[in-house]
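1. How does the following fold in three dimensions:
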Amino acid sequence: MSQSLLEVRNLRTYLQSGARQVKAVDDISFNIPKGETFCLVGESGSGKSVSALSVIRLLPQGIATHPSGEILFNDQDLLTLDDAGIRAVRGSQIAMIFQEPMTSLNPVLSIGEQITEALYAHNPDISDSEAEQRTINVLEQVQIAHASRRFHDYPHQLSGGQRQRVMIAMALACEPQLLIADEPTTALDVTVQAEILKLMRKIQEDTGMSMLFITHDFGVVAQMAQWVGVMQQGKLVESGSCASVLHQPQHAYTQQLLAALPENLVKPSLQAALELESPAAPLLSIRDLQVFFPINKGLFRRTVDYVRAVDQVSLDIFPGQIVALVGESGCGKTTLGRAVLQLEAPTSGSIKFRGQELIGLSARTLRPLRQKMQIAFQDPQSSLNPRLLIETTLTEPMKVHGMGDSHEHRIELASQLLESVQLHRDFLWRYPHEFSGGQRQRIGLARALALNPEFIVCDEITSALDVSVQAEILQLLLSLRQQRKLTLLFITHNIGVVEYLSDQTVVMYQGKIVEQGGTAQVCQQPQHTYTQKLLAAVPRLKTSMR
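-> Below you'll find the model as predicted:
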């Protein structure tokens, strides 16, 4: 290992929560060589972000304490610096990219103003023209097109990938020696993620900076890191070179995380999972479906054009199938799923469920069919009512549709539902905030299953989950599919999940289906240029180590 830029020795970070003390970081040690990348991986709550915030000393005083340890940056212990001393380091020598740029960027300031603010803070003598030119240069460095014009744009005028580039530009403005990146690609599409990772590697090669990269995606680790540390419950349980940790893991927890990756899960036999004869008629038949949203302008809000969210889509889904719907954000995946369930009004086309046309039905006629078609949402934290007990969440739809002989009977049905998604029946008497993310996602599935549906739209239900929790949810879905003879439309952008879970894969691009077929055929022999680009952008664990 070459000369170290950052060396963390026996660091402890304790957080005070009322009378309770949380050992968020518990005696960890690692070092980052000059010009190289150290990746911290682990599940949510393992202490990765707290470790990074400890390095840059952004944790709130009075809540966070460091009972022991040293953080040596260029041989200077950052924990011994006063406020003025750490401000001189923070931003100019150590910079940080946060996970969600939309909440990190100030919505009332232009991106140019926000980047020049950092320059003024660390270079008081810089002129306005020099600051503006430096900002434009760094925006060009992160490949923002028309940088001089974008200087005056606001965060809401940029796409997710562009906002992430702006965050990188802001971090690079003062030419730091160490860049801390906290899950910088988690919310990005796979193609945008590939561009951001390529950009960060190029900037590192050009400038020689070091990186502390936090992620839970082992494919990203394989692409970015020379060194890896695995965290569990505040402790660094394993660390070493990227090749040794990923391909010869020593600790049981690291082995468990790697085994939970979709590509490493044991794939069930399709025939054994379905146990169905090939049906002649599709359960769901979509023909020439269009969903357009009007663009209104002017004083009288006249319609001048349309956003063609779903454009001439035709698709058949047969009973017992899991059909994956993949594509980038904005391609129309979720709109298609909502239109199928009549949660979004189609502009034209046909949607038939068991041969019955859904488009044009009145709300009263549609109600019995809604019992057979349900949805599991991406974020159960926002889709579950925080003021309702889980008991109410599950029994209310049963009552609306006349299921159960009495309230006590519905409670028993709800208890059985929780057990079917591997939760304890006592959880009925809790509120959503009392559960972990994985538990909330199981409750969301239980709610979708409450009316014994035949068809469920799963909208990105594993995108925010840790890899081990994701594996549990995927295996649960396969088990439920077999037990209940369910048919699923699984919306996702995770190709590893697609390859493990689905029977058929449908690829959407700009509102249209550009390719569809058996998952193995689509993923291994893609025909359309966009599908090829999508698959080429997926970070794979088998990527050769740099």
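
2. Which residues lie in contact with residue 137 in this structure?
-> Residues in contact with residue 137, defined by CB atoms under 8 Å, 6 or more residues apart in numbering, are residue 147. C-beta here means a position set from N, CA and C on the backbone, and glycine is covered the same way.

3. give me the element it is part of.
-> Remark: residue 137 resides in helix 128-141, with elements defined by DSSP states H and E.

4. low pLDDT regions in the protein?
-> For the chain, applying pLDDT under 70 flags the ranges 1-2, 187, 268-279, 542-546.

5. Which residue ranges of the stretch 401-546 of the chain form helices?
-> Here the stretch 401-546 of the chain has its helices, by DSSP state H, counting those that start in this stretch, at 407-420, 437-449, 467-484, 495-501, 519-524, 529-536.

6. Check the offset of the first one from the chain's centre.
-> Which is helix 407-420. 31 Å (CA atoms, centre = their mean, to the nearest Å).

7. now that helix against helix 467-484, angle please.
-> 120 degrees (axes from the mean of the first three to the mean of the last three CA atoms, to 10 degrees).

8. quick one: which of the helices of the stretch 401-546 of the chain is nearest residue 19?
-> Of all the helices of the stretch 401-546 of the chain, helix 437-449 sits nearest to residue 19, with 25.6 Å by CB to CB.

9. Can you give the contact residues for the closest one?
-> By CB under 8 Å, 6+ apart, the residues outside helix 437-449 that reach it are 44, 374-377, 380-381, 383-384, 390, 393-394, 397, 414, 417-418, 420-423, 427, 432, 435, 456, 461-462, 464-466, 469, 472-473, 476-477, 480, 484.

10. Residue 153 versus residue 139, what's the distance?
-> 10 Å (CB to CB, to the nearest Å).

11. neighbouring contacts of stretch 167-175?
-> 91-92, 95-98, 101, 104-105, 114-115, 118-119, 122-123, 134-135, 138-139, 141-142, 144, 179, 184, 196, 199-200, 203, 207.

12. picking that back up, kindly present the helices of the stretch 401-546 of the chain as a markdown table, with separate columns for distance to residue 309 and mean neighbour count.
-> Listed next are the helices of the stretch 401-546 of the chain as a markdown table, based on distance: least, CB to CB, whole Å; neighbours: other CB atoms under 10 Å:
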| stretch | distance to residue 309 | mean neighbour count |
| --- | --- | --- |
| helix 407-420 | 33 | 16 |
| helix 437-449 | 23 | 22 |
| helix 467-484 | 26 | 18 |
| helix 495-501 | 22 | 23 |
| helix 519-524 | 22 | 17 |
| helix 529-536 | 17 | 16 |
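
13. TSV for these, including distance to residue 512?
-> As requested, the helices of the stretch 401-546 of the chain are exported to TSV (distance: least, CB to CB, whole Å):
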stretch	distance to residue 512
helix 407-420	37
helix 437-449	28
helix 467-484	27
helix 495-501	19
helix 519-524	16
helix 529-536	10
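
14. follow-up on the earlier one: so which of the contacts of stretch 167-175 are in helices?
-> Counting by DSSP state H, those place 101, 104, 114-115, 118-119, 122, 134-135, 138-139, 141, 196, 199-200, 203, 207 in helices.

15. the more surrounded of residue 139 and residue 153?
-> residue 139 (27 against 16; other CB atoms under 10 Å).

16. out of everything not next to it in sequence, what's closest to the more buried one?
-> In this structure, residue 139 finds its nearest non-sequential neighbour in residue 147, 3.8 Å apart by CB to CB, 6 or more residues apart in numbering.

17. and that neighbour, how many residues sit next to it?
-> Count around residue 147 with other CB under 10 Å applied: 19.

18. what sits against it?
-> Residue 147 touches 136-137, 139-140, counting by CB under 8 Å, 6+ apart.

19. Pull the most distant pair out of these.
-> Checking these with CB to CB, the most distant pair is 137 and 139, at 7.3 Å.

20. circling back to that earlier point, out of the contacts of stretch 167-175, which are buried?
-> Buried by 16 or more other CB atoms under 10 Å: 91-92, 95-98, 101, 104-105, 114-115, 118-119, 122, 134-135, 138-139, 141-142, 144, 179, 184, 196, 199-200, 203, out of those.

21. all strands of the stretch 51-200 of the chain, in order?
-> 64-65, 70-73, 76-77, 94-97, 178-182 (DSSP state E, counting those that start in this stretch).

22. now those strands as CSV including distance to residue 327?
-> Below are the strands of the stretch 51-200 of the chain laid out as CSV (distance: least, CB to CB, whole Å):
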stretch, distance to residue 327
strand 64-65, 41
strand 70-73, 43
strand 76-77, 48
strand 94-97, 26
strand 178-182, 26
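
23. Which of those strands sits closest to residue 34?
-> strand 178-182 (9.3 Å).

24. Against residue 109, how distant is the closest residue to residue 249 other than its chain neighbours?
-> Once flanking residues are discounted, residue 249 sits nearest to residue 255: 4.9 Å by CB to CB, 6+ apart. Plainly put, residue 255 is 47 Å away from residue 109 if you go by CB to CB.
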